[in-house]
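Student: My questions concern the predicted model and sequence given below.
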Amino acid sequence: MDLFEFFQKQEQQLHEAPPERVWKRLEVQLARRRRRRQRRPIPFLSAETAVLLLLLLLLAAVLVWWWARSEGL
Amino acid sequence: MSALSAAFISVTGCEGSGPLPNAHLNSRIASQRYLFLLYLSKKMDAHTLLERLKAEDPRAQRWLYDRYAPMLFSVCRRYLSSREDAEEALLSGFYKIFTQIETYQGSGSFEGWMRRIVVNEALMLLRKTKLLVFPGDAAPPAEAVDDFSIEAEMSAQEILDLLTQLPPGYRTVFNLYVLEGYKHHEIAEMLSISINTSKSQLLLARAKLQQLLKAKGVYRE
């Protein structure tokens, strides 16, 4: 048997279950991610988009206030 | 039939309709089967499973992990000589699989997609530890003629030991070419090396393995 063929045939023999601690750590990371996503006010919005929207709202409010003041309302 | 559907059928023994087979709850495989039977009982198929993974359902994630972790851990073990590093690569690989599942279009093999992610994680770790060097670039050896044969059975541990005795550069190219099936130009791109370096690393890996196998007395002319 050719050397490469030998290793290709033996590859499945190498399958080995990882220790349970790997899953435990992964589970913690995934749970943390889920919590982060659930905390968002609107789930599909990223934190950056939410901040940008807030800034735009603030700017609009300032503009309205400035316009109202200049019109003497 | 997609790779995921095939995996689904191979574990459950059924295609999602008709009577459910009895679940044997006394082994790890049985617990996987039980999980899948749960899916079946709710009329869920492989497509739905993928949807559940996209929705970050922990049960679907656990099933996928149990099903593929042994195979993907062996991939990490082949690239990284340290067991701790292999565990680290597997962990970050699965994290990416679960969080980037949206990017799987369903056109290619799901197993192949996961394997590529894990291989990339292992390579990234190798680069980070600065172990990935490619000695012997200058004088690539002549094409080796393989007129030897392996005359003994070897255990998984013996095979892994042989691979870990190879320098990281040889081992990485050997793994990518022989066991993952990449071409030299793809390996050169992945590792940012020349095609000739990839070829020479493979020939050097072969020569080193022949030498190690001969020393063990299992490789004869």
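Tutor: Yes, it's here.

Student: how about the helices of the chain, start to end?
Tutor: No chain was given, so I picked chain A. A:3-10, A:20-39, A:47-70 (DSSP state H).

Student: Not quite, go with chain B.
Tutor: B:3-12, B:28-41, B:46-54, B:58-79, B:83-99, B:110-128, B:156-164, B:168-174, B:184-191, B:195-216.

Student: Need the helices of chain A in a markdown table (columns: mean neighbour count, distance to B:Glu84 and mean pLDDT).
Tutor: For the C-beta atoms, the positions are set from N, CA and C on the backbone; glycine is no exception. Compiled in a markdown table, those are given as follows (neighbours: other Cβ atoms under 10 Å in any protein chain shown; distance: least, Cβ to Cβ, whole Å; pLDDT from 0 to 100):
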| stretch | mean neighbour count | distance to B:Glu84 | mean pLDDT |
| --- | --- | --- | --- |
| helix A:3-10 | 16 | 24 | 84 |
| helix A:20-39 | 13 | 11 | 90 |
| helix A:47-70 | 10 | 33 | 91 |
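
Student: now those as TSV including distance to B:Leu191?
Tutor: TSV is the format used below for the helices of chain A (distance: least, Cβ to Cβ, whole Å):
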stretch	distance to B:Leu191
helix A:3-10	19
helix A:20-39	26
helix A:47-70	34
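
Student: out of the ones you listed, nearest to B:Phe174?
Tutor: helix A:3-10 (8.0 Å; Cβ to Cβ).

Student: got the residues of chain B near chain A?
Tutor: B:28, B:56, B:58, B:61-62, B:65, B:69-71, B:73-74, B:77-78, B:86-87, B:90-91, B:94-95, B:98-99, B:146, B:148-150, B:154-156, B:159-160, B:174, B:178-179, B:206, B:209-210, B:213, B:219 (Cβ under 8 Å from any Cβ of the partner chain).

Student: same thing but at 6 Å, please
Tutor: Residues of chain B lying near chain A by Cβ under 6 Å from any Cβ of the partner chain: B:56, B:65, B:69-71, B:73-74, B:87, B:90-91, B:94-95, B:146, B:149-150, B:156, B:159, B:178-179.

Student: The helices of chain A: which one's closest to B:Thr48?
Tutor: helix A:20-39 (19.6 Å).

Student: before we move on, back to that, deepest of the helices of chain B, which one?
Tutor: Highest mean neighbour count among the helices of chain B (mean count of other Cβ atoms under 10 Å in any protein chain shown): helix B:168-174, with a mean of 24.

Student: That one - contacts with which helices or strands?
Tutor: helix B:195-216 (3 or more Cβ pairs under 6 Å, 6 or more residues apart in numbering or on different chains; DSSP states H and E).

Student: what angle sits between the helix it packs on and helix A:3-10?
Tutor: Compare the direction of helix B:195-216 with that of helix A:3-10 by axes from the mean of the first three to the mean of the last three Cα atoms, to 10 degrees and you get 80 degrees.

Student: Near chain B, which residues of chain A? Just list them.
Tutor: A:1-2, A:4, A:6-7, A:10-11, A:13-18, A:22-23, A:25-26, A:29, A:34.

Student: separation between B:Tyr104 and B:Met190?
Tutor: 20 Å (Cβ to Cβ, to the nearest Å).

Student: Hmm, I typed the wrong one, I wanted B:Ser200.
Tutor: Per Cβ to Cβ, B:Ser200 is found 16 Å from B:Met190.

Student: now do A:Gln12
Tutor: 24 Å.

Student: Equivalent analysis for B:Leu176, please.
Tutor: The value you get for B:Leu176 to B:Met190, if Cβ to Cβ is used, is 7 Å.
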